[in-house]
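In: Generate a structure from the sequence data that follows.
(2 chains)
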2 protein chains.
Amino acid sequence: MEDLVIGVDLGATNIKVGLVTADGRILSRRRLGTEVREGPGAVAGRICRACRELVSMTESAPGRVLGAGVGCPGSVDSASGVLRFWPNVPDWRNVPLRRMIEDELGMRCVMDNDANVAALAEQWVGTGKGASSLVVLTLGTGIGAGIVLNGRVWRGGNGAAGEVGHMSINPRGPLCSCGNRGCLQVYAGATAMVRRMREAIEAGARTSLADRKDELTAELIHKAALAGDEASRRNIEQTGRYLGVGVSNLMHILNPQVIAFSGGLTAAGEMLMAPLRDEVKCRTLEACRRDTRVSFAALLDDAGVIGAARCFMIG
Amino acid sequence: MEDLVIGVDLGATNIKVGLVTADGRILSRRRLGTEVREGPGAVAGRICRACRELVSMTESAPGRVLGAGVGCPGSVDSASGVLRFWPNVPDWRNVPLRRMIEDELGMRCVMDNDANVAALAEQWVGTGKGASSLVVLTLGTGIGAGIVLNGRVWRGGNGAAGEVGHMSINPRGPLCSCGNRGCLQVYAGATAMVRRMREAIEAGARTSLADRKDELTAELIHKAALAGDEASRRNIEQTGRYLGVGVSNLMHILNPQVIAFSGGLTAAGEMLMAPLRDEVKCRTLEACRRDTRVSFAALLDDAGVIGAARCFMIG
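Out: The predicted structure follows:
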C-alpha cells in the first residue's frame, strides 16, 4: 500500500483537505468553513477535525498517512511554521500554526505560503509537469507569485520572494497601495481594471457598463467583453499587455521553463492571453523566451491541497 | 598538501589564469594576451600554455591540480562546454572550447559565463561571503547579472537567466539595442549616461563637458563630477536612481541576501550608491529589502579567476 499525505488548503472562507497519493492524485477530500473570527486555536482545531474525518472516512487510509502539509495565505515563516501575518485577518499575528496542528494531530507537518504551494503543485502534476523551473502568478486584486527552481520553492533570503506585483514597470506611474509608483499590479490587477474602466466611462467611452460605474468588478468587465462590449475587451487587452511586460521581465531575470497564471482574472482566457503573448514576443530577447512556455495553471481549486502535500513530501 | 584548481578568466584582450586554493586564495597567477583574431584553436592553445606555465612555475603545484574552471564572455552552454556566441567576436560560433582545453591539457574542465562565475566568487569569498543567495550586476555599456541561489549559479531553463539589463522599467521608454523599449540599461548603462549628458549639453546645460560633446564617456562624466561639475554629478545620481528601480524589482522578485555591483561604473562609488539606496528604500516593500545588503563587489579583477575555480570545485 502506497503512502499518503494530507494536504491542507487554508483560506479565509474554507478549509479544504485532501488525501494525496505519491503520484499526486487526490484520493478523497473534505471541506469545512474556516470560521476565522473564532480565532487561531479554534481554526487549528477545525483543521485537525477535518484531517481526522478525512482519514477515518477513507477506507484503507488509517496507518498509511505520513503527515500533513499546510498552505496558508499571507506571510509564512516556513522554517518555524509560523503564520506571521494574514492581510485579510489582521489580528492574527505570529500564530505558531504548525506546532498547534502537530500537537493536536500527533503527526509531522510542514507549512508554506499558498502561492508557493500552488506553484509546487503545478510543477509536480499541473501545467509545469516535467519542468524543473516555473513561476505561477496569481492574478487578483494584487499579483503574487510562487517560484519553483530546480523543483524546490524559492522563498528568498527571508521568505519574501515572489512579490512580482510590486515590481515597478514605470518609476513615475500611478501610486500603489504599497507606497511605490508604477507597480505591475497598479496596471494589471483587478483593481487596476476597474479603475481604468471607470476612467474610460468618465471620459465618455461608449460601453454597456456606463451606468454601472460604481459597481464595476473585473468579473463584470469580463462578462461585458464576452457580450461584445468593445471598451471592456480593450480593457482586458490592456491588462494582458501590461502582464506581458511583467512576464518579459521574469523571463529576462529568471528564464524559467514555464510561466503560468492562476486566479480570478484567468477567466478571461485567450482575450487576456493573446495580447499578453504578443507583448512578450515583442519585448523579450529570443534566448530568454524561446524555451519558456506561457500558459494557464491547470489544477485550479486543487492546487492548494496537492501542493501542500507535495511540500511535505519533498521536505 | 591541499588540492588546487586552475581558474581561467578569458577576456577579449587578456587571458588570466590563477591557481586557487580550497579556501579561495590565489596562490599564483599568470596573464597572456588573448590574440582573439588567431581563432579558437590558437586561443585554446594559449589558455593551455598559460595553465601549464602556471603549474610549472608554482613550486609544489605539480600533482596537486584537480582540474580547471573557465569563465567566458558571451553565451555559454555550461552543460556541453560550448561557447555559443561571443558578442565582441561575432565570427566565433558554437566553439567547443571546453573539450579543446580538456584534450590538450589532459585534465577535467568546467566552463561558465563570466557573470555567473563572478557571482559565484563574490558569494564564496567576496562581498557575499556567508550569504547563500546573491545577485551581482555588472555595470558597463550593458547591464548583466550573475545569480547565485542556495550557493549555486541559477542559469535558467536554457542558460539565459540574468539578462537584468533588459528588464523593462518603462514600457514606452527609449528604444534599446535589443528592440525593446525602456530596458533598464537604456537608463542606467554607460551609453545611457553619455546620451543623457549629450542631451543636457544640447539643451544648454552649464557643464565643464560642454565642448567635449563628441568624446563623452562614462569615465569622463565621472571625472568631471569629481572635479565639481554639477551636471555630471546629477547625471550619475540619475543613473543611481534608475539602478535603484532595477534593484528594487530584483528584491521583490528574488529577495536575495546580497545585491552587489561590479564593472566600470562602480568607480563613481557613493555618488552612485547613495541615490541608488535611497531609491530602493522608497520603492521596496520592507519585508523584501530588510535583510538584503546592497554593496559593491569586493574581488575586482580577481573575481573571474576565483569564480572559475569555484565553478569547478562545486561541479
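
In: Break chain A into its domains for me.
Out: Annotated domains of chain A cover A:4-121+A:301-313, A:130-296 [automatic domain parsing].

In: Could I get those domains in a markdown table, plus columns for mean neighbour count and distance to chain B?
Out: (Each C-beta comes from the backbone N, C-alpha and C, glycine too.) Converted to a markdown table, the domains of chain A look like this (neighbours: other C-beta atoms under 10 Å in any protein chain shown; distance: least, C-beta to the nearest C-beta, whole Å):
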| stretch | mean neighbour count | distance to chain B |
| --- | --- | --- |
| domain A:4-121+A:301-313 | 20 | 7 |
| domain A:130-296 | 21 | 3 |
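
In: As CSV, these with mean pLDDT would be great.
Out: What follows is the domains of chain A, written out as CSV (pLDDT from 0 to 100):
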stretch, mean pLDDT
domain A:4-121+A:301-313, 95
domain A:130-296, 96
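
In: Which residues are in contact with the residue lying closest to A:Val65 once chain neighbours are set aside?
Out: Excluding the flanking residues, the one nearest A:Val65 by C-beta to C-beta, 6 or more residues apart in numbering or on different chains is A:Leu4, at 5.1 Å. With C-beta atoms under 8 Å, 6 or more residues apart in numbering or on different chains as the criterion, the residues that contact A:Leu4 are A:19-22, A:27, A:61, A:64-66.

In: repeat that with 6 Å
Out: Counting by C-beta atoms under 6 Å, 6 or more residues apart in numbering or on different chains, A:Leu4 touches A:19, A:64-65.

In: now swap in A:Ala188 and tell me
Out: Applying C-beta under 6 Å, 6+ apart, one finds that A:Ala188 lies in contact with A:239, A:242-243.

In: Out of the domains of chain A, flag the one nearest B:His222.
Out: Evaluated with C-beta to C-beta, the domains of chain A place domain A:130-296 nearest to B:His222, the distance being 23.1 Å.

In: ok so, going back, from the contacts of A:Ala188, which ones fall inside strands?
Out: Judged by DSSP state E, the contacts of A:Ala188 include no members of strands.

In: Can you list which of the residues you listed are found in helices?
Out: Counting by DSSP state H, those place A:239, A:242-243 in helices.

In: could you redo the contacts of A:Leu4 as CSV and give each row distance to B:Ala303 and secondary structure?
Out: Below are the contacts of A:Leu4 laid out as CSV (distance: C-beta to C-beta, whole Å; DSSP: H, G, I helix; E, B strand; the rest coil):
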residue, distance to B:Ala303, secondary structure
A:Leu19, 51, strand
A:Arg64, 52, coil
A:Val65, 50, strand
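
In: Can you tell me which of these is nearest B:Trp124?
Out: A:Val65 (42.5 Å).

In: sec struct for the residue in chain A sticking out farthest from the centre, please.
Out: Most distant residue from the mean C-alpha position of chain A: A:Gly204, 35.3 Å away (C-alpha atoms, centre = their mean). Classification of A:Gly204 by DSSP: H, G, I helix; E, B strand; the rest coil places it in coil.

In: so what's it up against?
Out: For A:Gly204, the contact set (C-beta under 6 Å, 6+ apart) is empty.

In: Pull the CA coordinates from stretch A:143-155 and hand them back as CSV.
Out: Listed next in CSV are the C-alpha coordinates belonging to stretch A:143-155 (Å, rounded to 0.1, in the frame of the first residue of the first chain):
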residue,chain,number,x,y,z
ILE,A,143,-0.5,39.9,-8.1
GLY,A,144,1.6,37.4,-6.3
ALA,A,145,3.8,34.6,-7.4
GLY,A,146,5.2,31.3,-6.4
ILE,A,147,8.6,30.5,-7.8
VAL,A,148,10.0,26.9,-8.2
LEU,A,149,13.6,26.5,-9.3
ASN,A,150,15.2,23.1,-9.5
GLY,A,151,12.0,21.5,-8.3
ARG,A,152,12.1,23.5,-5.0
VAL,A,153,10.3,26.6,-3.8
TRP,A,154,12.5,29.7,-4.0
ARG,A,155,11.4,31.7,-0.9
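
In: Which residues does that stretch contact?
Out: Residues outside stretch A:143-155 that contact it (C-beta under 6 Å, 6+ apart): A:115-116, A:118-120, A:123, A:132-138, A:161-162, A:164-165, A:184-185, A:189.

In: can you check stretch A:9-28 too?
Out: Counting by C-beta under 6 Å, 6+ apart, stretch A:9-28 makes contact with A:2-5, A:7-8, A:29-32, A:34, A:36, A:47, A:50-51, A:54, A:58, A:61, A:71-72, A:88, A:124-125, A:304-306, A:309, all of which sit outside it.
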